[in-house]
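Novice: could you look at this predicted model? Sequence included:
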Amino acid sequence: MTIEATLFDMDGLLIDSEVLWHEAEIEIFGGLGVDIGEATDRSTKGLFVAEVVDYWYVRYPWSGPSNSEVVDTLLARVGELGLQHGINYKQRDYVQAIKDLTSGEGVDTVFEMLGGEHVGKSVRCVRDFGRVIVYGSATGEIPQLDTRLLYAKGASVHGLWLSYLSANRPLMESAWKQLSEWLAAGKLLPVIGKVFPLEQAREAYTLMQEGKNYGKIVLKIS
């Protein structure tokens, strides 16, 4: 098989809503007179939507809607762009919101990357025999989890670190085969942010390092 390109920003989820958020932020903040440009400040990456709104309000205070109202507007806009359910955690506990949305059952899986109290809260969000996939700690806080929460539901918590798994060649070959089949069948539609020729690898890595990429970066080999 001839390799024509490589995706080297592969630590994100295949279900990537970042592009939707970026589009909504440019539109909503722009309407408030805040020009965030083609790429939002790196400092807002990994923040809750309410924290993003507070971040921009401190730097470019606007008149009219409250920060909470702006959060609701952003959630509504991202919903129009494709997000199924947006939850304003400052107004509503997301554990209860998920129970309400699922008629009390909970969800099958939670991808958890915040750390702190959110590990335990994520377990409360899953249904019987559900699982929590932990792949980061954006808050910088030590994960908090009382393992007794797992007993009643038969729930489980799994760690995921792609850098470590990438050294397992048989596993990666099997995963790539499955992903290739899904891509060919149109079941996966990755968002490509920008394509660079091999000679511009330095520029590509710089873009990712500065946190200015949205969608996946592709380094084209031939």
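Specialist: Received it, and whenever you're ready, just let me know what you need.
Novice: max-length strand in the protein?
Specialist: Secondary structure of the chain per DSSP state E: the longest strand is strand 126-134.
Novice: from the chain's centroid, how far away is that one?
Specialist: 18 Å (CA atoms, centre = their mean, to the nearest Å).
Novice: what sits up against the helix or strand just after that strand?
Specialist: Sequence-wise, the next helix or strand downstream of strand 126-134 (DSSP states H and E) is helix 148-153. Contact partners of helix 148-153, identified using CB atoms under 8 Å, 6 or more residues apart in numbering, comprise 106, 120, 123, 124, 126, 127, 128, 129, 130, 155, 156, 157. In short, each C-beta sits where N, CA and C put it, glycine included.
Novice: CA atoms of helix 148-153 as PDB?
Specialist: Provided in PDB are the C-alpha atoms of helix 148-153 (Å, rounded to 0.1, in the frame of the first residue of the first chain):
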ATOM      1  CA  ARG A 148     -18.100   2.200  45.200                       C
ATOM      2  CA  LEU A 149     -20.000   4.100  42.400                       C
ATOM      3  CA  LEU A 150     -19.100   1.300  40.000                       C
ATOM      4  CA  TYR A 151     -20.700  -1.500  42.000                       C
ATOM      5  CA  ALA A 152     -24.400  -0.900  41.600                       C
ATOM      6  CA  LYS A 153     -24.200  -0.300  37.800                       C
END
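Novice: in it, what counts as buried?
Specialist: Counting neighbours by 16 or more other CB atoms under 10 Å, one finds that the buried residues in helix 148-153 are residue 149.
Novice: who does the longest strand of the chain pair up with?
Specialist: strand 107-112 (parallel), strand 156-159 (parallel) (DSSP bridges).
Novice: Serialize the ones you listed to CSV and add fields for distance to residue 47.
Specialist: Below are the strands paired with strand 126-134 laid out as CSV (distance: least, CB to CB, whole Å):
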stretch, distance to residue 47
strand 107-112, 16
strand 156-159, 23
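Novice: for residue 71, find the nearest of the ones you listed.
Specialist: For residue 71, the closest of the strands paired with strand 126-134 is strand 107-112, at 21.3 Å, according to CB to CB.
Novice: so which bits of that closest one are buried?
Specialist: 110, 112.
Novice: those helices in the protein, which residues are they?
Specialist: Counting by DSSP state H, the segments of the chain that form helices are 18-31, 49-59, 67-81, 94-101, 118-125, 148-153, 162-165, 169-184, 201-209.
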